[in-house]
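Asks: quick one, structure for this:
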Amino acid sequence: MVGGAGATGALGLLIAACGGGDRMTPAATSTGGATTAGAAASAAARKSDLAIVNYALTLEYLEADFYERAVMSGEIKDRAVADLAKRIAETERSHVEALKATAKSLGGTPAAMPTTKFDDVIAGGPTKILQTAAVVENLGAAAYLGQAGRIKSKEILAAALSIHSVEARHAAALNRLVGHGFKSSAPLEGSIPDGAFAKAMTMEQVLAQVKPFIAS
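Replies: Predicted coordinates for the structure are as follows:
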């Protein structure tokens, strides 16, 4: 349901986006001024995309660390739910590695992993853990959608949308569990969207929501 194929595809797309032919770099022209302007535009596009990639990387760091802590805590007793958490953890780690590689390929430095604050969530037991997981996955999906229109590279946009799809599927699975008392055999109503269109969130809105999970 939260298939690794999406993560694997995103990993390949993200690395390929900047590793081979560069579609963001305009062809050289015989006019020096046009070439210089084109190079400046390309550099600006890379800088903008790098900022978005590092923003996404920060969110993926938080998700990956959260699931690792949740799984290691042993608080999730339902085997099917625990297996789901492990699968999501693996996917989030794949996202982290893909985004780090992309940041480097853009000529930048990957964002550093923030110090996280999940102790209170883990101490709250399985109910708190699953509720928080649903929150962060819904935020992740909204965050990628919120940046889609700002991404300059078509390849990075395709990869970001691939990750967005996986995050949305994670959110659907967790919404279902939270809405039905964490029963892995619960009906599917909780996984149905609450509207015809997904809701995007700005960078500022998302960062405000995840602030409690980051040590100052």
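Asks: by residue count, what's the longest helix in this structure?
Replies: helix 32-73 (DSSP state H).
Asks: which strands and helices sit next to the following helix or strand past that helix?
Replies: Once helix 32-73 ends, the next helix or strand along the chain (criterion: DSSP states H and E) is helix 79-105. Here helix 79-105 is seen to pack against helix 4-19, helix 32-73, helix 125-147, helix 154-179 when contacts are counted using 3 or more C-beta pairs under 8 Å, 6 or more residues apart in numbering; DSSP states H and E. C-beta coordinates here come from the backbone N, C-alpha and C atoms, glycine included.
Asks: how close does residue 72 get to residue 118?
Replies: As defined by C-beta to C-beta, to the nearest Å, residue 72 lies at a distance of 11 Å from residue 118.
Asks: swap in residue 143?
Replies: Distance from residue 143 to residue 118, by C-beta to C-beta: 18 Å.
Asks: where does the protein dip in pLDDT?
Replies: 1-34, 180-194 (pLDDT under 70).
Asks: give me that answer again for 80
Replies: Applying pLDDT under 80 to the chain flags the ranges 1-41, 179-195, 216.
Asks: what sits against the residue nearest to residue 214 when sequence neighbours are not counted?
Replies: Counting by C-beta to C-beta, 6 or more residues apart in numbering, residue 114 is the residue found nearest to residue 214 once chain neighbours are left out, at 4.9 Å. Counting by C-beta atoms under 8 Å, 6 or more residues apart in numbering, residue 114 touches 58, 61-62, 214-215.
Asks: closest to residue 200 out of these?
Replies: Set against residue 200, the nearest of those by C-beta to C-beta is residue 58 (17.7 Å).
Asks: ok, now which ones touch that closest one?
Replies: 111, 114.
Asks: ok, it to residue 141 distance?
Replies: From residue 58 across to residue 141, the span is 16 Å (C-beta to C-beta).
Asks: ok, now residue 38?
Replies: Counting by C-beta to C-beta, the gap from residue 38 to residue 141 is 35 Å.
Asks: for those two, indicate the residue with more neighbours.
Replies: Using other C-beta atoms under 10 Å, the more surrounded residue of residue 38 and residue 141 is residue 141, with 24 against 16.
Asks: I'd say that one and residue 172 touch.
Replies: No - applying C-beta atoms under 8 Å as the test, residue 141 and residue 172 come out as separate, 9.1 Å apart.
Asks: circling back: neighbour-wise, which of residue 143 and residue 118 wins?
Replies: A side-by-side neighbour count of residue 143 and residue 118, using other C-beta under 10 Å, places residue 143 first with 28 against 21.
Asks: residue 126 versus the more buried one, what's the distance?
Replies: 25 Å.
Asks: and residue 215, by the same measure?
Replies: Distance from residue 215 to residue 126, by C-beta to C-beta: 24 Å.
Asks: between these two, who's got more neighbours?
Replies: Ranked by neighbour count (other C-beta under 10 Å), residue 215 and residue 126 place residue 126 first, with 19 against 7.
Asks: mind listing what the more buried one touches?
Replies: 75-78, 81, 182.
Asks: which one of these is nearest residue 205?
Replies: For the contacts of residue 126, the nearest to residue 205 is residue 182 (27.6 Å; C-beta to C-beta).
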